[in-house]
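Novice: model this:
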Amino acid sequence: MKLRTITAIAAALCICLSVSACGNTSDSTESTKSSSVSSESKVEKNEDKAQDSTGSDTKDESSSADSSKDDSSASEDGEKAAEGTIKTTSYSREGKLIYVTTHDNHGNRISLEGKNGDYHIDYEYDSEDRLIKEVKTDGDGKEVYSETTTYDENGKILEYNCVGNGSGYKKSYVEKYTYDDHGNILTKDRTKDDKETDHDEYTYEYNADGTKASEIQKMHDGDYIELSYEYNADGTVAVMHSSDNAPTGNKMINTTTKYEYDANKNMIKSITYNDKGEEKTIEECEYDDKGNLTRDRVEQVNDYFNLTTYEYDDKGNETKEIHYKKRSEDKVDRYSTHEYDQYGNVVRYESYDGDKLKSYETYEYTYWN
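Specialist: All right, here's what the predicted structure looks like:
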């Protein structure tokens, strides 16, 4: 069966999914910006903690319609708007229009229109289904922002350009990238509002085997962060050294983090030491027989700890994520649940604050042979 139509119904406040740092700490790559429709909303738990990619500070409005959601339940009608496209209209329980989205036959969102036409977003893609342009206009047709992305022949981002009108969270800036012959990112330069004084630089160096050796971040406000890595024979990160003046503005804060793994290269323990060799943070992770993260405990030594647990179905889909109160392993703070159809696509997501339902989203799919 192939997925043809993806429609989403949402009644939510603010939904926040926590991403765990446990997992295989092998080398990470720079992620691309995309608004292609995903068939599931699961957030992967096995993130690359030791080599966290630097990201943009822009809010990704292309991936959600949070500004047009309300707190009531909703329903959706999907129809074929034109040859090769699917138009989906979302309504609240009271029958009020929430937003309208249109997808092409590759599952890419090509437009989103808010309730009462108060805003409109258009998306353009290249022949490889990579997002190359996003433009938002307000209800009067005035451009709020435009984003363009260019790629090299290998699909790597060369330049990302955001032009904002200065209102809200969208500000103008340009990001430029360079890569080595192996596709590893070498530099990322970010300039805001065409001001060379508002310029951030990221540089990366690699070992002969392609693993990341170091990363340096020089920020326009004087913040300076340098990371360096040591590896085990199997390619997992053994030690990460960090020098950071961001909290103080001048004095460098040096830390060292050491990692331990199980036979499947899943990170089971990390300890971060200060420059005096004292333990500051301890993280411990547990996994099931399929390698799924089931328990993540992060302790700030001599202070507090946070515990998060995860549950899965027989197919490995995450069904429940539980966050416990600080310093507690049995008092639940908040949790979320996922339900799936027979093809593994999310059909319902619920978020609870304590035992109280805070928000939910439901998804409908149309398949064809």
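Novice: show me where the stretch 101-250 of the chain has strands.
Specialist: With strands called from DSSP state E, counting those that start in this stretch, the stretch 101-250 of the chain shows them at 109-114, 119-125, 131-138, 143-151, 157-164, 173-179, 185-192, 199-206, 212-218, 224-231, 237-244.
Novice: Pick the most deeply packed of those strands.
Specialist: Among the strands of the stretch 101-250 of the chain, judged by mean count of other CB atoms under 10 Å, the one packed with the most neighbours on average is strand 109-114 (a mean of 20). Placement of C-beta: from N, CA and C, glycine included.
Novice: Okay, now the sheet partners of that one, with direction.
Specialist: Next to strand 109-114 in the sheet, as set by DSSP bridges, lie strand 97-104 (antiparallel), strand 119-125 (antiparallel).
Novice: about what we covered before: with mean pLDDT and distance to residue 359 as added columns, please give the strands of the stretch 101-250 of the chain in TSV.
Specialist: Putting the strands of the stretch 101-250 of the chain into TSV (pLDDT from 0 to 100; distance: least, CB to CB, whole Å) gives the following:
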stretch	mean pLDDT	distance to residue 359
strand 109-114	89	19
strand 119-125	95	22
strand 131-138	95	24
strand 143-151	95	26
strand 157-164	95	28
strand 173-179	95	31
strand 185-192	94	33
strand 199-206	95	34
strand 212-218	96	35
strand 224-231	96	35
strand 237-244	95	35
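Novice: now for the ones you listed, which one comes closest to residue 339?
Specialist: Ranking these by their distance to residue 339 (criterion: CB to CB) puts strand 109-114 first, at 23.1 Å.
Novice: of all the strands paired with strand 109-114, which lies closest to residue 326?
Specialist: Distances from residue 326 to each of the strands paired with strand 109-114 were compared by CB to CB, and the smallest falls on strand 97-104, at 35.9 Å.
Novice: State the mean pLDDT of the closest one.
Specialist: Average pLDDT, strand 97-104: 76.
Novice: Put the alpha carbons of it into CSV.
Specialist: As requested, the backbone C-alpha atoms of strand 97-104 are provided in CSV (Å, rounded to 0.1, in the frame of the first residue of the first chain):
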residue,chain,number,x,y,z
LEU,A,97,-12.4,26.9,9.4
ILE,A,98,-9.0,26.4,11.0
TYR,A,99,-6.7,26.2,8.0
VAL,A,100,-6.4,24.7,4.5
THR,A,101,-3.4,22.8,3.2
THR,A,102,-2.5,21.6,-0.3
HIS,A,103,0.0,18.8,-1.0
ASP,A,104,1.4,17.5,-4.3
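Novice: Adjust the sequence numbering to begin at 2 for everything that follows.
Specialist: Sure, I'll start counting at 2 from here, so that last one is strand 98-105.
Novice: Distance check, residue 123 against residue 173.
Specialist: Note on residue 123: its distance to residue 173, by CB to CB, to the nearest Å, is 19 Å.
Novice: what does residue 238 give?
Specialist: Per CB to CB, residue 238 is found 36 Å from residue 173.
Novice: Could you do residue 229 as well?
Specialist: Noted for residue 229: a distance of 33 Å to residue 173, by CB to CB.
Novice: One more: residue 315?
Specialist: Residue 315 is 49 Å from residue 173, by CB to CB.
Novice: So, low pLDDT: which residues of the stretch 2-151 of the chain?
Specialist: Low-confidence segments of the stretch 2-151 of the chain (pLDDT under 70): 2-99.
Novice: now do 80
Specialist: For the stretch 2-151 of the chain, residues meeting the criterion pLDDT under 80 lie at 2-102, 116-117.
Novice: again with the stretch 252-370 of the chain
Specialist: The model of the stretch 252-370 of the chain has pLDDT under 80 over residues 252-253, 360-370.
Novice: Residue 281 contacts residue 258, doesn't it?
Specialist: No - taking CB atoms under 8 Å as the contact criterion, residue 281 and residue 258 are not neighbours in contact, 9.3 Å apart.
Novice: Same drill for these two, tell me which one is more crowded.
Specialist: Using other CB atoms under 10 Å as the criterion, residue 281 and residue 258 rank with residue 258 on top: 22 against 17.
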